Structure formats: structure tokens, C-alpha cells
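1. Below is the sequence, then the predicted model.
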Amino acid sequence: MPLRPDQHAEPGGAFRASVEAAYFAMRLSGGQKFGADQPSERRRALEPQYLHALFLAACCSRLDEPYRNFQFFRNRDNAEWVPVFHGAFGPWLGQDTYRVVRRESAEPVQRMRTALLARDILGAERLEQFDSVVMSDLLGSINPDPRPTGLETLLHKVARQAIDAVTQFEIKARRAAFSPDTTAAPSAALLSASGIVSTGVAPVAPSLPVAPATKEVAPPASDPPGQTDAPAGGQGRPQENGATSTLPETERPSVLRLDGERTVRKEVAGDPFSAVLTTPSNLMRDFFRALSQDVTAGKVKVAWVDNRLAIPKRVLSNYGIASETLLDNLRKQQLLFKQVGQDILLVDKVGSLIAPRPASSNELQ
């Protein structure tokens, strides 16, 4: 089933949305203390139940979305599927075929209907395994209210943030516009100067130069075609660009030179943020890389204040991580200097990697 006409609209989109919601919920659960108001022994006993309940709440939070936005008709008798009366779609459909019709206007959101569907799917036997407190929070967190009023449980908060992260990622993916590659193709003269015969289409890999007969070594019969020539010294394959070799750089067979200064092959640069991050998770690395790219492109305005990089706090939620979770991770990594109003100040060792330090510390980037 599709989820919505504008989000996860492909066949099976509802299942993909459920998997993504469960994924983000489990990532956001790291470092959270469920049942913090309980005694330590009881909290340790309830924490696995809370994590299981969070997983189920994320999986079941959008059970009602396909029915709200689409109508499903069985072709055999033109009957419409109503989950409240017919239950699960698969057993009701059987071996028949069906068609999907978009509703003229979506049905209103009913959290209670979603909770009832989830209860029927999960079953009483599974729900009875939870403590009464956990089960109450679970049923209240399914299809979480995007604008909660009053006291919000931690389970409800994490589930809501996971659903919001899935929605934002889907919106950005559908609106993404990728600029075309403007790199000019090398001219025939440059290719000829590098020793490559142009046939109208640039070759994928350059042909290997033939060494003098006194330096050739016959390869084994089992070598692949790309390794027929090898320099003396027992090396069975061409050296990669930047690797140790006795040949001059201009004579290395694996380097295609266009002029005297540049090569087509690009060096693989290391991740500069790996040196300042102590966590093995890629979550923070992805955040810093995306933030650095947006700052370079001018999409995010930052400033240097007292030799600290100031970032608007409101932009943090644009990267698929809840702002509070991100701030907690920055504190654990000792990368957060302090919060000033609606801005956060990062320490110098990571701020200088995101944006270059200007001549004047107050100049906007």
C-alpha cells in the first residue's frame, strides 16, 4: 500500500515508512532514560519494555494513513475495504485482485482508530507482556500528536520525533534538485598529448604504456587482461596515484594526465571530523559534513563570536536529528561551548572545520 499521495506514494510506501520510523526511533532512543521517576531496580526492569514499546509504537503509528487517503476495492464484488469491520487487508482480500482510488478529501486523523488497529494487530497476548505503565504509554504514543498539550511522556516524545524525522527526510528527497555536472570534457589535443588516441569518446581507462623489452616481465597465464604489462620488481598491477613507485609521476600507467599540473584521478581525502569525534557512530559525522556543505553553499548563515562559531539553533532540526538529542551529543563529545539565546557556540577545533575563520571574528560567513 502507498502511505500518502505526496509522501511514500509508491506501492509498498507504507511499509517503507514504517521501517524508517522504527529506524529513527531506535536511533533517537540512545541515551534516553525511560522510567526515570521509578526506583533504580524497577527502572532497569522496565527499560527493555520501554524500548520494545517504542519500536512497536513507531511501526504502528501510521496504520491508518492508507485508509485515510485511499480507497481499496476488491475487483470480484467491488466491495470496499474498511479496516474497522474487515480487519487486516490480506485475509479479507484473499486471492482476489484489487484497485486503489485516491479519496477526494482525506479522512480526518483519528488517533483512537489507529490505536484500535494496532491493538488488533499486536494482539492481547503480546500486550499482556508489558507492565501496565508501559502499555499505557505505548497506546498513548501510537500515532503521536504532533503538537502535544500538557505533560508529554518520553515514549510519546521520541516516537513523535521519529515520525517528524521520516517526514522531513521524505519531503527533502522529493524536493531535491541536483545541479548538472559542469566539468568540461578533455579536448582531443590534451588526450593526444597524454598519449591516448581519441576516438570521439573518452576511454574509461587509459591504455598501459609498453616498457622497453629489457624491462618487461612476462605475466602468468592466469593474469587478467588489465595486468599484461608490469614494471620490473615483481609488481603484478599498476600503481595507484599517490602510491609508492619508482616510476616518475608522468610515466605511471594508472594516472591520466591532462596537463602538467592536474590529473583526472582524484585523491581520496580523509574525513577531517574523525579527529575531533570520539564516537564510532556516523550520526555526528554525517551532521557535521552536511552542515559544512550548507555553510559553504550559503544555505546556513553562521558567525564567529568571541573566537567561537555561532550556529542558529533553529537550523539543527533540518538534519534529521532532534535538536535536544543533538545538543546532548555535542555535550558528550565536549564540542559545545555554550548556548547564547537562540544560538549555540561550538568549540574552536570543530568550528574551524565547518567554516573558515574570517579576518574579523564578527564577520558573517
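-> That came in fine, so what should we check first?
2. use CA for all of it now, contacts and neighbours both
-> Will do.
3. what's the burial count for Ser192?
-> Residues lying near Ser192 (other C-alpha atoms under 10 Å) number 12.
4. which parts of the particular helix or strand that has it in it are buried?
-> Assigned by DSSP states H and E, Ser192 belongs to helix 188-193. Neighbour counts over helix 188-193 (16 or more other C-alpha atoms under 10 Å) mark 188, 191 as buried.
5. just stretch 2-15 next, same as before
-> Residues 2-4, 7-8, 13-15 are the ones in stretch 2-15 that count as buried (16+ other C-alpha under 10 Å).
6. And Ala118, its phi and psi?
-> Dihedral angles of Ala118 (phi, psi; degrees, to the nearest 10) stand at phi -60, psi -40.
7. okay, now it: neighbour count?
-> Counted with other C-alpha under 10 Å, residues neighbouring Ala118 total 22.
8. Let me see the contact set for it.
-> Residues in contact with Ala118 (C-alpha atoms under 8 Å, 6 or more residues apart in numbering) are 60, 63, 142.
9. Ends of stretch 99-109, what's the gap?
-> This stretch, stretch 99-109, spans 23 Å end to end (C-alpha to C-alpha, to the nearest Å).
10. hmm, back to that, compare the contacts of Ala118 and tell me which is most surrounded.
-> With neighbours taken as other C-alpha under 10 Å, the top of the contacts of Ala118 is Ile142, carrying 28 neighbours.
11. Make sure that residue is actually in contact with Ser61.
-> Yes - using C-alpha atoms under 8 Å, Ile142 makes contact with Ser61 at a distance of 4.7 Å.
12. which neighbours do those two share?
-> Overlap of the contact sets of Ile142 and Ser61 (by C-alpha under 8 Å, 6+ apart) consists of Thr114.
13. outside of stretch 159-177, which residues touch it?
-> Against stretch 159-177 from outside (C-alpha under 8 Å, 6+ apart): 7-8, 17, 20-22, 24-25, 28, 54, 57-58, 141-146, 318, 320-322.
14. Which of those residues are buried? Put it as a ChimeraX command.
-> A single ChimeraX command selects the buried members of those (16+ other C-alpha under 10 Å):
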select :7,8,17,20,21,22,24,25,28,54,57,58,141,142,143,144,145,320,321,322
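15. and the contacts of stretch 159-177, which of them are in strands?
-> Among the contacts of stretch 159-177, DSSP state E puts none in strands.
16. Could you list which of the contacts of stretch 159-177 belong to helices?
-> Judged by DSSP state H, the subset of those located in helices is 17, 20-22, 24-25, 28, 54, 57-58, 141.
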